[in-house]
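In: Fold the stuff below for me.
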Amino acid sequence: MSFIPPTGHDVVLLFGSETGTADDICRQLTRTLQENGVNCECYEMTKAEKSIDLRKEPVIIIVSSTTGEGEPPENAVAFWKLLKTRTKESLNLSKQRYTVLGLGSTDYDNFCAMGKNFFKRIGELGASCFFDPGWADDATGLEAVVDSWCENVVDAVKEIIPAVHKEWHIKDEEDENEEAMIAPNMNINENTMKKRIDEERDTLITTTKDTSQRDLLISLPADLNVEKLRLPRPALVPFAVNFCEELEDRGVVEDTHTWIAAQLVAYRCLTATNAVKRTLEARFKLPPNTTFRPGDSFAVSCPNLDTEVAHLLKALNMEVVADKPISFVLQPTKKNKTPTVPQHLMGLLTLREVLTVGVDIRAIPKKKLLRVLGDTATDVEERNTLHYLASSKGSREYGRVVRDVKMNIADLLEKFPSTSLPLNVLFDLLPVITPRSYSACSPNEDDTVSFVFNITGSDSPDDHKSTGVCTTMFERLCMDVYNIATDSLLSSVHRLRQLEERNKWYTLIKDSEKGVVDHGDSGAALSKLILAPNLQRHIHCKLRQSVRTPFNRLVVPMYLRGTTTFRAPEDPTVPLILIGPGTGIAPFYAFAKERLRIQEAVNAGEYTLPDHAIGNRVGPIFVFFGCRHKDRDFLFKEEWKKMEEKKVLSWMFVAYSRDEEANHKYVQSHIAVQAAVIHNLMAKQNGMLYLCGGVHILQPINSILDTSIAKAVGISTEEAKALREQWKKDGRIKAELW
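Out: Presented below is the predicted three-dimensional model:
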């Protein structure tokens, strides 16, 4: 009797993903391998730790992003720890073949660090690499590496499978011809696809799209031979989507996060009306006994905007059936005998629900989706253009007219009106909508947490490219709070911006000290939402959207993110150097408020500092902050002043980039002047340096630290850089970048 590995897989694919990109790439690669007859399965690393034994998997493919300062994504932490702590004797992978696709950005210091770590460690455990690893750079476009790597690794897997079967004594199944849901041949595919589209659309849809006005984005090369274009493999979707008459209960899939229902209870505007960016601070009431520390962050679930959902429904020509029930019909094949409905679509009952809380409709369409659209186009010019953009030859143009301008699927459908898109393909190729991360800008007091965020763009429905999905949701909820607090009936955030007062709290809280919330008649309903663990985020979104009382619609699903290295030190006497331009200052405001709370407790005899504390005081805090104008967007100006008066804040260095009279335009200028102080705090007082802001600030800050410290203490720039890197290695320099 031949030996078959207990898992029954030829290939196991594992992903570590922070924002969902690695997840999506890994699942699509799994699908492509299955289409090519490879017996494989895909696992999130969190679940893989308990579900599989790597020693029983012939071929291992890892897709991983990197977060923070070269750290594993949250769902890969435990798996990485397992790999690091096991020896070759206890986890011998000498029979395994493997490869790795790492996702990262060269804007960060540790480009693809976790992908490289996984590659090195699995090799150390004895596995042999069967295909060169890929390192995809988000700074230039992930698809430049991902598309070709995934296509080539499929060929490499197919090439080694016979040898794998022989080594592992696996019996080959007979190859059988199967009909793909999207056939590779375009001539056959057009009729097949249009038939499927007609089947999936409701009979009520009778309108057609106007093709008389169109912009095809680019001019095709004169010598282009479209028949020889190298196109991505067409999608094979293991399920169909049909409209039906009755709602179908498909249940809910548990996830690994403990979701909580937080309620927006207060907000204030931190900037002047003439500031370039509008900045709000929003305060949320948390379930009782929710614990977090300054430096922690929350992942906030947010639906796609109603206006953008409506835009896509119109582009799909499916407005009249948006709220009809849908059903998923699984289509097993010999190569995929047990297909399943994607987990993020479980529990969603209509097309509108899927587009609102299931998939990311702002996602930049992948080349595979462009290929599909081209296959469905009835207009030859549109078909050729889409296939060129989807091809390897059209990568530069794809980057310029699709990726760089953040085009979405609705934009493409409007630009190419002769195309159509079956719903199963749409659901399959759009990624999961992922939570947005916000750092706490308040200490853990009274079961509340505050977030600070910028509002850019306008309240116009046509300005969706410049606005954030979550921040737009937040601002609209703030308008609800304003209406309740002031007995108003505003429906436009533009009007809200005109009426609200800067730094004035608009609140539902009756007693701001105790944080007592007036839930009105909705208290019982809210209590049912609180501490509802392990439910997918879209369920929370549905609950929040379905409740229309003034208070319950302010419920926002979120969870406390797991492992973080950005927390303030537990020892309150450690000196802090905090560098945070713009809203990067938010977590440091929480650091300082926590230190103030501790100092006040010390003064009252309610807290005892360590013996090494100087003068029974908390450690010094030096803040470097940058904004545009002193009078327009100096965040928490009065609060910082009070902290200075209470001698919790040692010094605050502020740069004003747009004020002509300012001596310091950028925080780098202050850092250069204070280099000796920074060196003293770090080298002699064992201080810690934190940096928070956009990723673009990392290299300029590192550079000025190296050059200015070198000049201040009389060493070379190389020596100063080595010193900084050692501080970072020791965990005394931390960065939170986006």
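In: Going by C-alpha atoms from here, please, whenever you check contacts or count neighbours.
Out: Fine.
In: biggest helix in the chain, by residue count?
Out: For the chain, the helix with the greatest residue count under DSSP state H is helix 143-168.
In: need the contact list for E719.
Out: A710 (C-alpha atoms under 8 Å, 6 or more residues apart in numbering).
In: what secondary structure does it sit in?
Out: helix (DSSP: H, G, I helix; E, B strand; the rest coil).
In: coming back round to it: can you pull the buried residues of the longest helix of the chain?
Out: Counting neighbours by 16 or more other C-alpha atoms under 10 Å, one finds that the buried residues in helix 143-168 are 143-147, 149-150, 153-154, 157, 161, 164-165, 168.
In: in the stretch 1-150 of the chain, which spans are strands?
Out: 11-16, 40-44, 59-64, 97-104, 128-129, 134-137 (DSSP state E, counting those that start in this stretch).
In: right, and these - which one's nearest I697?
Out: Of all these, it is strand 97-104 that lies closest to I697, at 17.1 Å by C-alpha to C-alpha.
In: Contacts for that closest one, please.
Out: Contact partners of strand 97-104, identified using C-alpha under 8 Å, 6+ apart, comprise 22, 58-66, 111-116, 118-119, 122, 127-138, 142, 146.
In: Surely L413 is within a helix?
Out: Yes - under three-state DSSP, L413 falls within a helix.
In: T419 is in contact with that one, correct?
Out: Yes - the criterion here is C-alpha atoms under 8 Å, and L413 meets it with T419 at 6.7 Å.
In: So the two - more neighbours on which side?
Out: The neighbour comparison of L413 against T419 (other C-alpha atoms under 10 Å) goes to T419, with 23 against 20.
In: That one reaches V380, doesn't it?
Out: No - assessed by C-alpha under 8 Å, T419 is found out of contact with V380, at 10.6 Å.
In: In the stretch 1-150 of the chain, what residue spans correspond to helices?
Out: Counting by DSSP state H, counting those that start in this stretch, one finds helices in the stretch 1-150 of the chain at the ranges 21-35, 45-51, 77-85, 113-124, 143-168.
In: Can I get those in TSV including distance to E638?
Out: Below are the helices of the stretch 1-150 of the chain laid out as TSV (distance: least, C-alpha to C-alpha, whole Å):
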stretch	distance to E638
helix 21-35	41
helix 45-51	45
helix 77-85	40
helix 113-124	41
helix 143-168	47
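In: Out of those, flag the one nearest H696.
Out: helix 113-124 (18.5 Å).
In: Residue ranges in the stretch 501-650 of the chain under the pLDDT threshold?
Out: 509-552, 563 (pLDDT under 70).
In: can you do 80?
Out: For the stretch 501-650 of the chain, residues meeting the criterion pLDDT under 80 lie at 509-553, 562-564.
In: before we move on, what about the stretch 251-400 of the chain?
Out: 251-257, 333-340, 343, 346-347.
In: So which residues of it form helices?
Out: Chain-ordered helices for the stretch 251-400 of the chain, with DSSP H, counting those that start in this stretch as the definition, fall at 306-316, 351-353, 367-376, 380-390, 395-398.
In: List the buried residues for the third one?
Out: If I follow you right, that is helix 367-376. By 16+ other C-alpha under 10 Å, the buried positions in helix 367-376 come out as K367, K368, L369, L370, R371, V372, L373, G374, D375, T376.
In: okay, these in CSV with distance to D706 next?
Out: Putting the buried residues of helix 367-376 into CSV (distance: C-alpha to C-alpha, whole Å) gives the following:
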residue, distance to D706
K367, 42
K368, 45
L369, 46
L370, 46
R371, 48
V372, 50
L373, 51
G374, 52
D375, 54
T376, 56
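In: for these, which one is nearest F284?
Out: L369 (39.0 Å).
In: Would you confirm that the closest one contacts L429?
Out: Yes - using C-alpha under 8 Å, L369 is in contact with L429, at 6.6 Å.
In: circling back: narrow the contacts of strand 97-104 to those that are buried.
Out: 22, 58-66, 111-116, 118-119, 122, 127-131, 133-138, 142, 146.
In: From the contact counts, what lies against the longest helix of the chain?
Out: Contact partners of helix 143-168 among helices and strands, from 3 or more C-alpha pairs under 8 Å, 6 or more residues apart in numbering; DSSP states H and E: helix 21-35, strand 134-137.
In: Which one of these lies nearest to V320?
Out: Closest of those to V320 is helix 21-35, at 29.9 Å (criterion: C-alpha to C-alpha).
In: What is the closest one packed up against?
Out: Helix 21-35 sits against strand 11-16, strand 40-44, strand 59-64, helix 143-168, with contacts defined as 3+ C-alpha pairs under 8 Å, 6+ apart.
In: Dump those into TSV; add distance to V265 and mean pLDDT as well.
Out: What follows is the helices and strands packed on helix 21-35, written out as TSV (distance: least, C-alpha to C-alpha, whole Å; pLDDT from 0 to 100):
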stretch	distance to V265	mean pLDDT
strand 11-16	35	92
strand 40-44	36	88
strand 59-64	38	95
helix 143-168	42	88
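In: which residues touch E159?
Out: E159 touches nothing, counting by C-alpha under 8 Å, 6+ apart.
In: circling back to that earlier point, adding distance to T290, write the helices and strands packed on helix 21-35 out as a markdown table.
Out: Shown next, in a markdown table, are the helices and strands packed on helix 21-35 (distance: least, C-alpha to C-alpha, whole Å):
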| stretch | distance to T290 |
| --- | --- |
| strand 11-16 | 27 |
| strand 40-44 | 27 |
| strand 59-64 | 30 |
| helix 143-168 | 40 |
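In: now for those, which one comes closest to P610?
Out: Nearest to P610 among those is strand 11-16 (39.8 Å), distances taken as C-alpha to C-alpha.
In: can I have the closest one written out in CSV, keeping just the CAs?
Out: Extracted as CSV, the C-alpha positions of strand 11-16 are listed here (Å, rounded to 0.1, in the frame of the first residue of the first chain):
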residue,chain,number,x,y,z
VAL,A,11,1.5,21.7,-1.7
VAL,A,12,0.6,23.8,1.4
LEU,A,13,0.5,27.5,1.1
LEU,A,14,0.8,29.7,4.2
PHE,A,15,0.2,33.4,4.5
GLY,A,16,1.0,36.1,7.0
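In: Could you list every helix and strand in contact with that strand?
Out: helix 21-35, strand 40-44, helix 45-51, strand 59-64.
In: what's the second one in contact with?
Out: Think strand 40-44. By C-alpha under 8 Å, 6+ apart, strand 40-44 touches 9-16, 23, 26-27, 30, 33-34, 75-76.
In: Just the buried residues from those residues, in PyMOL please.
Out: Of the contacts of strand 40-44, the buried ones can be selected in PyMOL as follows, counting by 16+ other C-alpha under 10 Å:
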select buried, resi 9+10+11+12+13+14+15+16+23+26+27+30+33+34+75+76
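In: Centre of the chain to whichever strand or helix holds Q726, how far?
Out: Secondary structure from DSSP states H and E places Q726 in helix 717-729. Chain-centre distance of helix 717-729: 31 Å, with C-alpha atoms, centre = their mean, to the nearest Å.
In: Kindly export it (C-alpha atoms) in PDB.
Out: Written as PDB, here are the backbone C-alpha positions of helix 717-729 (Å, rounded to 0.1, in the frame of the first residue of the first chain):
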ATOM      1  CA  THR A 717      28.600  59.800  10.400                       C
ATOM      2  CA  GLU A 718      29.300  56.100  10.000                       C
ATOM      3  CA  GLU A 719      29.900  55.700  13.700                       C
ATOM      4  CA  ALA A 720      26.800  57.700  14.600                       C
ATOM      5  CA  LYS A 721      24.800  55.500  12.200                       C
ATOM      6  CA  ALA A 722      26.200  52.400  13.900                       C
ATOM      7  CA  LEU A 723      25.200  53.800  17.300                       C
ATOM      8  CA  ARG A 724      21.700  54.500  16.100                       C
ATOM      9  CA  GLU A 725      21.300  51.000  14.700                       C
ATOM     10  CA  GLN A 726      22.600  49.600  18.000                       C
ATOM     11  CA  TRP A 727      20.000  51.500  19.900                       C
ATOM     12  CA  LYS A 728      17.300  50.200  17.500                       C
ATOM     13  CA  LYS A 729      18.600  46.700  17.900                       C
END
